[in-house]
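Engineer: The amino acid sequence is not available; the structure is as follows:
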């Protein structure tokens with residue numbers, strides 16, 4: 001069974017940086033689609049498709065970077081130049097192929113990010 005565990009959230013001032021991690025286990029395929037969502041509405045923030053191609057929502061382009069380790073067992077989200085509107089609970093999600101960016105079938109429990117002005 002796929003399990004996703006997020007970490008790395010915290011409180012920072014505007015302009016600061018955080019790096020979120022999502023440890024994935026329970027599957028052996030490397031072609032899962034992975035993504036980060038945030039908030040109560042679970043808006044998509046950044047994603048990689050089954051070929052590893054990234055996609056970002058417009059408001060985070062140039063500030064956030066999504067990446068995976070070589071084994072694709074950990075998903076990262078490097079967040080720079082954080083803004084108060086970036087605050088919220090960040091969730092990691094995964095979807096088996098066939099899948100597209102921001103597809104989600106399994107969710108982590110989330111990690112809280114708070115950005116103060």
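Structural biologist: Structure received. Treat the numbers as computed from the prediction; the structure is a model and nothing was measured. Residues are numbered from 1 along each chain as shown.
Engineer: residue contacts, residue 39?
Structural biologist: Counting by CB atoms under 8 Å, 6 or more residues apart in numbering, residue 39 makes contact with 88, 89. Quick note: C-beta positions are derived from backbone N, CA and C, even for glycine.
Engineer: Relative to residue 110, how far out is it?
Structural biologist: As defined by CB to CB, to the nearest Å, residue 39 lies at a distance of 10 Å from residue 110.
Engineer: Find residues that contact each of the two.
Structural biologist: In terms of CB under 8 Å, 6+ apart, residue 39 and residue 110 are both contacted by the residues residue 89.
Engineer: ok, the strand or helix carrying residue 11: who's next to it in the sheet?
Structural biologist: In this assignment (DSSP states H and E), residue 11 forms part of strand 10-13. In the sheet, strand 10-13 lines up against strand 111-116 (parallel) (DSSP bridges).
Engineer: mind listing what's buried in the strand it pairs with?
Structural biologist: 111, 113, 115 (16 or more other CB atoms under 10 Å).
Engineer: who does the second one bridge with?
Structural biologist: It stands for residue 113. In beta-bridge terms (that is, DSSP bridges), residue 113 pairs with residue 10, residue 88.
Engineer: re earlier: quick one: which of the buried residues of strand 111-116 is nearest to residue 21?
Structural biologist: If you rank these by distance to residue 21 using CB to CB, residue 111 comes first, at 8.7 Å.
Engineer: quick one: contacts for the closest residue to that closest one other than its chain neighbours?
Structural biologist: Residue nearest to residue 111 in three dimensions, not counting chain neighbours: residue 9, with 3.4 Å by CB to CB, 6 or more residues apart in numbering. Residue 9 makes contacts with 18, 20, 89, 90, 111, 112, 113, as judged by CB under 8 Å, 6+ apart.
Engineer: of all the residues you listed, which two lie farthest apart?
Structural biologist: For the contacts of residue 9, the maximum inter-member distance is 13.2 Å, found between 18 and 89 (CB to CB).
Engineer: overlap in contacts of those two?
Structural biologist: Counting by CB under 8 Å, 6+ apart, the contacts common to residue 18 and residue 89 are 9, 113.
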